[in-house]
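Peer 1: How does the following fold in three dimensions:
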Amino acid sequence: MDLNKAQERFIHDWGNLSSNWGVKCTMGKIHALLLVSSEDLCADDIMQKLCMSSGNVNMNLKALENWQVIKKVYRPGERKDFYQAEKDFSKVFKLIIAERKKKELDPLLGLLREVNAVEAKCPESNEFCRMTKDLERFAKKADRALNVIASSQAEWISKVLIR
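Peer 2: Sure, this is the predicted structure:
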């Protein structure tokens, strides 16, 4: 397989895989393109290489910046913004975990705090309270574990994963 075909395959499949992680396919493709690019790219480059509209590219670049998995790079004498992907996968992993925790686990913990105000007065409410309290205990453990990962040194994650 030649380089161009391999890059196209990686970009396409990374985009499709990212939809399994709760990320839009187009956002995943832009991230993949920036990951495999040897140079920083501007929005026009990305639009051309991925055949996407300006609005779609700009919206997804902002989202990737918010996740902190890409950053703007200054080029002297250029008026365009150029973008570069974070290529330290320990950092990328931590950033994605932090974002997913914020979008998924934090709202779940808030919901469980609210619904756990129900009093156990009958078999149905007893079961509801038992289940939601068990889920809250589990979610709190997951929250603590994800906080440890998100606040840990990037090298620690690599060492754990390599073992």
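Peer 1: Tell me the spatial nearest neighbour of Ala98, not counting adjacent residues.
Peer 2: Ala150 (4.5 Å; Cβ to Cβ, 6 or more residues apart in numbering). Where you see a C-beta, it was placed from the backbone N, CA and C, and this is true even at glycine.
Peer 1: Might one say that that neighbour is in contact with Ile96?
Peer 2: No - contact between Ala150 and Ile96 fails when scored by Cβ atoms under 8 Å: they sit 9.8 Å apart.
Peer 1: Show me where the protein has its helices.
Peer 2: 3-20, 25-36, 43-50, 54-67, 89-100, 106-115, 123-151, 154-162 (DSSP state H).
Peer 1: Need the winner for burial among those helices.
Peer 2: Among the helices of the chain, helix 25-36 has the highest mean neighbour count (mean count of other Cβ atoms under 10 Å), at a mean of 22.
Peer 1: which outside residues touch that one?
Peer 2: For helix 25-36, contacts defined as Cβ atoms under 8 Å, 6 or more residues apart in numbering pick out 7, 10-12, 14-19, 21, 23, 41, 46, 49-50, 52, 56-57, 60-61, 63-64, 69-70, 83-85, 87.
Peer 1: the inter-axis angle of that helix versus helix 89-100?
Peer 2: Per axes from the mean of the first three to the mean of the last three Cα atoms, to 10 degrees, the angle that helix 25-36 makes with helix 89-100 is 160 degrees.
Peer 1: what's the closest of the helices of the chain to Gly77?
Peer 2: Gly77 sits nearest to helix 43-50 of all those, at 16.3 Å, using Cβ to Cβ.
Peer 1: can you give me the offset of that closest one from its chain's centre?
Peer 2: Centroid separation for helix 43-50 versus its chain: 22 Å, with Cα atoms, centre = their mean, to the nearest Å.
Peer 1: So the residue nearest the centre of the chain versus Glu8, what's the distance?
Peer 2: By Cα atoms, centre = their mean, the chain has its centre lying nearest to Ile96, at 3.4 Å. Look at Ile96 and Glu8: by Cβ to Cβ, to the nearest Å, they are 24 Å apart.
Peer 1: quick one: low-confidence parts of this structure?
Peer 2: In the predicted model of the chain, residues 153-163 satisfy pLDDT under 70.
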